[in-house]
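Novice: okay, here's the prediction I keep looking at, along with the sequence it came from:
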Amino acid sequence: MDALLHAVESSQSSQTSSQPTSTRTATSSPHVCRICRRTYDRADHLNRHLKSHQNARMHKCTRCPKSFNRADLLNRHQAGHDRRGPDWPMIERTDRVAAACSGCVLAKAKCQDQRPCTRCQKKGLACEIPSSAPAPTSDQPLADNNPFDFGDSQPNQDSITVGTQQNYHSYSIESGISEIVSAGLSTGGSAAVHQTHESPRRSYFEGDSAIGLTPGIGYNPFSTTMIDATFNQNMGFIPQDAFFSQDIDFGMWDIDLDNIDFSMFGPVSTTDTEQNSMQVNSNPPRQRPSDASKRYAAFERSPWVWKPTHKDQGMNDHHNLNLNEDAIPSVLSPNSGACSSDDFSNCNIGQKQRDQILALLFSLRHSPIQALQFPSLSLLNSIIQVYFVQENFKLDNLVHTATFEASKSLPQLIIAILSAGCSSISVDSIWKMGIALQEVTRLTVANYWEENNSNTRNLQALQAFMICLDVGLWSGIRRNMEIAESFGQPLIIMMRRAGAFAARDSLSTFIPTYEDSKTVLEAKWTKWAEIESFKRLVLHLFIHDTHASAGLQKPPLIVFSELKFPLPAARNVWLAKSAIQWRTLFLSSQSENPLPTFLEAMQSPNLLLELSPKADIGLTTTVLIHGYWGQIWSLIEARKFFPDSKRTHQLWLHTSHAEIYQDMSSLRSLVPSLIPDCTEVVLIFELFQMILHVTLEDLQRFAGKFGEEEARKANESFAIWASTQEARMAIWHAGQVLRAARQLSPAKLRGFTAIAVYFAALALWIYGIMLGSMTLSPNRSPVLLNNEETMASRHFRSSGQGAPGLELTNDDADRGREFVELSDTDKILNVARDIYRNNFPDLDGPLPPLVENLGSLLRDLGDSPGSRVSRAPSKGPA
């Protein structure tokens, strides 16, 4: 931003001044600053001037807090100390601080020297000063510490190399400055800038700082220990020192960037190190026409492409409602350690409810008259118990188990619960029945709403339809997936019109007291549970919509800022098993201050550390993570919308990308201390950060989803992308997705998490294919992408040195661990398929249809034929 302000001042002064300040012109001098258009006769003078734009202030005085851009200015300043003597009083400036606190740096606000500062006091934030970079010693070249150093003001410098990211602590748009410097030096005399292969359409994310934002050094997302969230000098696009906020109050400025000429910005340069380890050939890897054709054919068999025929119609699978119970194993043993039958005795249905379900089945147009072997009451109750056991372990569970009474519930909700319970059971005939019941739920709920439109505000009807969408969207059955995707919008509109997204009135009427009678207490508990259920239904719908948008590459239908109500109640209060227990927990979790909203929590994530006994922190953190998706989607769309020639917009997009990445990394560092079992949350985090560096639509295009011609175009684009730091960041996060997937609990790799593994495998596979177009240095050291962060992995992301790959654990103890390079593309796809396979402990049962189909698609995309993903064939509707 300082560069932009400097350019504005220079432009204004040139317009208002009638006389030129120098007889030299930009065209007569060989050395011209591309930022302010100042001219110099010698290259070393221009290099020294460029430091003033960067303003890194790496030369720090050891006797006072001042720092300087140039070594000669520091020497002159220190000479003043020597003349004054040790007793000379030090004059401290009052208009700038020695170091701004982290909160003011992130908010780009002015700070003060006193701690806590005024802003942090007003907002109740922790006023902490981030760690700063060590000053370079006299015998250490400045270029070793600052990647944007262009000499130490020594004359006659003949060759200049622009470095890659090592420190990003001094300027908020340093990668933009590196572009300016690269273009400026390339025109100046003997100054030589080393550049890699230039893309005809350069991605603005190829700048170093936008993709050098790594999580904390030594950060382990799967550890439950508290990690320091403060970014150090190697990890921040937003600076860690005081320069950014000590001179500029951004509230004073109203800058029209359209009046600034950015046409002089050149392409981003890279270091010699990166060029030596990874160089791009002039031609991308050639694809045979049969390869693209084969991939497109594979997609036609996958869940991603569906071409309806005249045989596709509602209730086609009603015959699956016939179930021979003698041929299936016990679903849930009463002595299971996971739960006890007594825990869900209120959830069991009776013969009356079973008859109501049958009545709804026969009321449909395609009545399943042949359904003479509809499941028995005992089996139906076992499936219901499976559902509630699964729900109690979810962060975003929908139905309040303690107040649920099957005898008073809508039969449509019971059918939806049965459908979801069937989808969790690895018995072929049972999950087929679940798919058929999902269709019944969709049709009967629609009829219920049509009979009386006021039923669109009924909580149980809305919950039933939500469960129906959950089951259908990731069922792996192409027809059901498409219908579930299209029917998400009506539910969102109904709930939005009902005011479910808005801030609700105070719950003071329902606050329990110890003087309440049993009847009054039960009534308050029931009403509170209904209000809280509406809130959690909205949050569940928001997460569902985010998954649908990311997984299916479509715009999100819910904006995060729509969630205007306070955070959900604490999880132990929500799971209370009786009204008396609820009252005790509710009163103990109350505080004088009301719970913050989701926007307030997003803007101050550290608040979550203080709210753990008062709010459901696990659900809140999950919603905050998904709240970033709207920003990521907008950034991806803006990247497509604005051409590269719009340098003003490109700078804005570049800055937005870096700030979103840093904010996500900051929140992720808090996750282990907020959620005990954070593996699934980290997996989604890593996927979203991967998407910041490579879009899922482009991955699908290369793989062949959109046809042969689109695959060929994507091949050319990815050949350029693979040589950038953006690509290395993408595959790092893809490797972390696979790492998290391996650590998921058994049978948890289904739905959106299975989708995440599929896309991560595509990113690694494509990068491995593109390695064939690169000239790689020999004897490269292995870089483990699916392991903890190390110095080697950080060095690979910044410079490209090393051989990226995955670490595999073999079942054979003699073979131990195996390292597989990404260039071995067949093995990389098999890694993902093995992750699918190993997450389901039932070796004799089939995989869920979605997982089965995704694994088959990965197999078909590979060059070598392989066996089926599952251990047993899964027969069902396509």
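Specialist: Yep, that arrived. No experiment lies behind these values; they were computed from the predicted model shown. Residues are numbered from 1 along each chain as shown.
Novice: quick one, phi/psi of Val783?
Specialist: Main-chain torsions, Val783, degrees, to the nearest 10: phi -120, psi 110.
Novice: correct me, but it touches Pro804?
Specialist: Yes. Checked against Cβ atoms under 8 Å, the pair Val783 and Pro804 is within contact range at 4.7 Å. All C-beta spots, glycine's among them, are computed from the backbone N, C-alpha and C.
Novice: for the protein, what's the longest helix?
Specialist: The single longest helix within the chain, with elements called by DSSP state H, is helix 518-552.
Novice: mind listing what's buried along stretch 538-555?
Specialist: Neighbour counts using 16 or more other Cβ atoms under 10 Å place 538-551, 553 of stretch 538-555 among the buried residues.
Novice: all strands of the chain, in order?
Specialist: With DSSP state E as the criterion, the chain has strands at 31-32, 39-40, 59-60, 67-68, 278-280, 774-776, 782-784, 803-809, 817-821.
Novice: quick one: those strands as a markdown table, columns for mean pLDDT too.
Specialist: As requested, the strands of the chain are exported to a markdown table (pLDDT from 0 to 100):
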| stretch | mean pLDDT |
| --- | --- |
| strand 31-32 | 80 |
| strand 39-40 | 82 |
| strand 59-60 | 82 |
| strand 67-68 | 81 |
| strand 278-280 | 50 |
| strand 774-776 | 67 |
| strand 782-784 | 93 |
| strand 803-809 | 89 |
| strand 817-821 | 87 |
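Novice: dump those to CSV, plus distance to Ile477 and mean neighbour count.
Specialist: Shown next, in CSV, are the strands of the chain (distance: least, Cβ to Cβ, whole Å; neighbours: other Cβ atoms under 10 Å):
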stretch, distance to Ile477, mean neighbour count
strand 31-32, 64, 21
strand 39-40, 69, 18
strand 59-60, 64, 20
strand 67-68, 63, 21
strand 278-280, 42, 20
strand 774-776, 41, 14
strand 782-784, 37, 21
strand 803-809, 31, 19
strand 817-821, 33, 14
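Novice: quick check, Ala703 in contact with Arg295.
Specialist: Yes. With contacts counted by Cβ under 8 Å, Ala703 reaches Arg295, the gap being 5.6 Å.
Novice: quick one: which of the strands of the chain is nearest Arg750?
Specialist: Evaluated over those, closeness to Arg750 peaks at strand 803-809, with 22.2 Å, by Cβ to Cβ.
Novice: what residues does that closest one touch?
Specialist: Defining contact as Cβ atoms under 8 Å, 6 or more residues apart in numbering, one finds that strand 803-809 is touched by 728, 731, 735, 738, 764, 767, 776, 780-787, 796, 816-822, 824, 828, 831.
Novice: before we move on, the earlier item: tell me which of Ala703 and Arg295 has more neighbours.
Specialist: Ala703 (25 against 21; other Cβ atoms under 10 Å).
Novice: on that earlier part again, okay, and the common contacts of Val783 and Pro804?
Specialist: In contact with both Val783 and Pro804: Phe796, using Cβ under 8 Å, 6+ apart.
Novice: next, show the common contact partners of Ala703 and Arg295.
Specialist: Contacts common to Ala703 and Arg295, judged by Cβ under 8 Å, 6+ apart, are Ala711, Leu861.
Novice: report the buried residues of stretch 68-84.
Specialist: Phe68, Asn69, Arg70, Ala71, Leu73, Leu74, His77, Gln78.
Novice: so what's the fifth one up against?
Specialist: So the one you mean is Leu73. His59.
Novice: Leu462 contacts Met495, doesn't it?
Specialist: Yes. Using Cβ under 8 Å, Leu462 is in contact with Met495, at 6.7 Å.
Novice: give the burial count for Asn320, as a bare number.
Specialist: Asn320, neighbours per other Cβ under 10 Å, totals 22.
Novice: what about it, distance to Asp470?
Specialist: Asn320 sits 19 Å away from Asp470, going by Cβ to Cβ, to the nearest Å.
Novice: what's the pLDDT at Tyr171?
Specialist: Listed pLDDT for Tyr171 reads 32.
Novice: who's in contact with Ala601?
Specialist: With Cβ under 8 Å, 6+ apart, Ala601 has these contacts: Leu567, Leu607, Leu608, Thr620, Leu624.
Novice: mind putting those into TSV with distance to Gly124?
Specialist: Compiled in TSV, the contacts of Ala601 are given as follows (distance: Cβ to Cβ, whole Å):
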residue	distance to Gly124
Leu567	16
Leu607	9
Leu608	14
Thr620	18
Leu624	19
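Novice: packing partners of the longest helix of the chain?
Specialist: Contact analysis of helix 518-552 by 3 or more Cβ pairs under 8 Å, 6 or more residues apart in numbering; DSSP states H and E lists helix 459-473, helix 488-497, helix 579-588, helix 617-641, helix 679-691, helix 752-770 as its packing neighbours.
Novice: so which of those helices gets nearest Ser102?
Specialist: Closest among these, once you apply Cβ to Cβ, is helix 617-641, at 18.6 Å.
Novice: list the buried residues of the closest one.
Specialist: 617-636, 639.
Novice: tell me how many other residues surround Val427.
Specialist: Quick note: Val427 (other Cβ under 10 Å) scores 17 neighbours.
Novice: what's the local residue count around the spatially closest residue to Trp474 that is not a sequence neighbour?
Specialist: Of all residues not flanking Trp474 in the chain, Gly751 sits nearest, at 4.1 Å (Cβ to Cβ, 6 or more residues apart in numbering). Residues within reach of Gly751, counting by other Cβ under 10 Å, total 21.
Novice: hmm, Gly751 is touching Leu850, no?
Specialist: Yes. Judged on Cβ under 8 Å, Gly751 makes contact with Leu850 at a distance of 7.1 Å.
Novice: anything in contact with each of the two?
Specialist: In contact with both Gly751 and Leu850: Trp474, using Cβ under 8 Å, 6+ apart.
Novice: mind checking how far Ala420 is from Gly488?
Specialist: From Ala420 to Gly488 the distance is 16 Å (Cβ to Cβ).
Novice: list the contacts of Pro594.
Specialist: With Cβ under 8 Å, 6+ apart, Pro594 has these contacts: Pro566.
Novice: so how far is Lys122 from it?
Specialist: Taking Cβ to Cβ, one finds Pro594 at 18 Å from Lys122.
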